[in-house]
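Peer 1: Here you go, sequence then predicted model.
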Amino acid sequence: MAIWQIVIIIAVIIIGVALGVYLAVRSQQAKTRTQMWLLEADSYVTSACDNLSITPVPQGQPVGKVWGRKVALVGFETTSKLPKQAELAATITRVSDGKAVLSDYWQRDGSNHFEVALLKNKETQEYLDDLKRIRYHNG
């Protein structure tokens with residue numbers, strides 16, 4: 001085997017290992033970021049539920065990748081009776097000092113669902129803007 005072939009094989013191995021490490025680090029960063037967002041949203045919802053006398057307090061679940069972007073969004077589901085959407089939205093905004101908003105609210109299969117968006121980044125703001133446009137066009 002020629003020297004140049006050995007060099008190419010070694011280069012491919014080094015590039016493959018570097019790419020694997022890069023992807024693993026990036027994945028770990030995404031998991032850490034999602035976990036931090038989840039804890040923050042849970043604390044806001046816990047405070048809001050305390051203020052509104054909602055028990056038991058629902059625990060958040062990360063919302064899957066929204067349109068493949070880094071949207072800071074946490075979903076909640078509960079069978080507890082929730083107040084009207086406007087009241088829950090105002091309370092979440094108040095207890096978070098404007099760092100979070102109620103982005104969606106619906107009922108399905110006997111459960112109440114809502115999503116809280118953390119105003120962390122441009123992607124989240126663009127997601128909220130898209131929701132406003134969709135709601136405007138759908139009446």
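Peer 2: In hand now; what should we look at? Numbering: from 1, shown residues only.
Peer 1: From residue 117, how far out is the residue lying closest to residue 69 once chain neighbours are set aside?
Peer 2: The shortest distance from residue 69 to any non-neighbouring residue, by C-beta to C-beta, 6 or more residues apart in numbering, is to residue 123 (4.4 Å). Yep, even glycine has a C-beta here, placed from its N, CA and C like the rest. Noted for residue 123: a distance of 10 Å to residue 117, by C-beta to C-beta, to the nearest Å.
Peer 1: Now for these two: what residues contact both?
Peer 2: Shared contacts of residue 123 and residue 117, defined by C-beta atoms under 8 Å, 6 or more residues apart in numbering, are found at 71, 72.
Peer 1: The two: which is more packed in?
Peer 2: Set side by side, residue 123 and residue 117 show more neighbours around residue 117, with 24 against 16, by other C-beta atoms under 10 Å.
Peer 1: tell me the phi and psi of the more buried one?
Peer 2: As for residue 117, its main-chain torsions (degrees, to the nearest 10) stand at phi -100, psi 130.
Peer 1: Quick check: chain neighbours aside, which residue is closest to it?
Peer 2: Per C-beta to C-beta, 6+ apart, closest to residue 117 is residue 103, 4.1 Å.
Peer 1: neighbours of the one you found, just the number please.
Peer 2: For residue 103, the neighbour count with other C-beta under 10 Å is 21.
Peer 1: Okay, now the sheet partners of the host helix or strand of it, with direction.
Peer 2: Following DSSP states H and E, one finds residue 103 within strand 100-108. Using DSSP bridges, strand 100-108 pairs in its sheet with strand 111-118 (antiparallel).
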